[in-house]
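predicted coordinates and the sequence they were generated for:
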Amino acid sequence: MKLNWFKKAGILYLPNSAMGWLITFACLVCAIYNFIAIDRLSHSVSDTLINFVFRLLIIFAVYTLFGYLTSSDTKE
Amino acid sequence: MIMENENFEEKLIQMTKPEITQLSHQDILEKAISKAGGKAVLSWWWLLIPLYIIFTLLMKSVYMPGNTLVSNIDSLKAGQKITAIVFFLIVPFAIIILNITSIRKVYLITGHPNSLNFLEEIWLNVMMIFISVLIFIVYFL
């Protein structure tokens, strides 16, 4: 059964179904949670940003993996 | 009656000459190229993580005297062993394998194509392999 939760748009995978939107929302919540947690412990804005960007890249990479595995094979 | 016969003759001629509007080989090739593109996009986002780490360590070596990229990489390897192994070894290795398999698949399906046309389709995958090799080189500096 081919899942069609995401569709490829350039270098991004956009949600294409309710499940896709759910995953996107979960990643967004994870990113916001990480930002708040890092900001609480950091000493400056640059400290926050440097650590947050790293976590954000990991979240994006995992999101892209979901998108790749659950998108259909048709060419755009 | 004559018109009916003519129509019947035309239908018979059409039936004896089947038209293939799209080859299934074309479909397979399109899917393979689309998958290769997807793998390149996936590789790009995963490779951004070690590239970001290298960029921050490079900036650290530029703005803090006494630091070099090599010493920063060494301290990362000593202090964050798992992070260094995962993002500097495992991820680039997996990406090289992923992209080589998709390049090979496209090459086999196209059947030894003209090199320029072939490169046009797989240049992103080649770039991802190149970046992965660069990350290996930086790790082993």
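Okay, I see it. Residues are numbered from 1 along each chain as shown, chains lettered A, B, ... in the order given.

run through the neighbouring helices and strands of the longest helix along chain B.
Assignment by DSSP state H gives helix B:24-63 as the longest helix of chain B. Other helices and strands packing on helix B:24-63, by 3 or more C-beta pairs under 8 Å, 6 or more residues apart in numbering or on different chains; DSSP states H and E, are strand A:6-9, helix A:45-69, helix B:69-79, helix B:91-110, helix B:115-139. No exception for glycine: its C-beta is placed from N, CA and C like everyone else's.

hmm, try it at 10 Å
strand A:6-9, strand A:12-15, helix A:45-69, helix B:69-79, helix B:81-85, helix B:91-110, helix B:115-139 (3 or more C-beta pairs under 10 Å, 6 or more residues apart in numbering or on different chains; DSSP states H and E).

and the ones you listed as a markdown table, adding distance to B:Leu29 and mean pLDDT?
Listed next are these as a markdown table, based on distance: least, C-beta to C-beta, whole Å; pLDDT from 0 to 100:
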| stretch | distance to B:Leu29 | mean pLDDT |
| --- | --- | --- |
| strand A:6-9 | 17 | 88 |
| strand A:12-15 | 22 | 91 |
| helix A:45-69 | 20 | 92 |
| helix B:69-79 | 42 | 90 |
| helix B:81-85 | 37 | 92 |
| helix B:91-110 | 5 | 90 |
| helix B:115-139 | 9 | 88 |
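
of these, which is nearest A:Cys30?
helix A:45-69 (5.6 Å; C-beta to C-beta).

anything in the closest one near chain B?
Yes. Judged by C-beta under 10 Å from any C-beta of the partner chain, helix A:45-69 and chain B are in contact via A:50, A:53-54, A:56-58, A:60-65, A:67-69.

now list the buried members of those.
By neighbour count, with 16 or more other C-beta atoms under 10 Å in any protein chain shown, these hold A:Ile50, A:Phe54, A:Leu56, A:Leu57, A:Ile58, A:Phe60, A:Ala61, A:Tyr63, A:Thr64, A:Gly67, A:Tyr68 as buried.

so B:Pro65 sits in a strand?
No. In this structure, B:Pro65 is coil, not part of a strand, as judged by DSSP: H, G, I helix; E, B strand; the rest coil.

quick one: residues contacting B:Gly37.
A:Lys8, A:Gly10, A:Ile11, A:Lys75, A:Glu76, B:Ser102, B:Glu121, B:Ile122, B:Leu124, B:Asn125 (C-beta atoms under 10 Å, 6 or more residues apart in numbering or on different chains).

near chain A, which residues of chain B show up?
Residues of chain B lying near chain A (C-beta under 10 Å from any C-beta): B:27, B:29-35, B:37-53, B:55-56, B:59-60, B:83, B:87, B:91, B:124.
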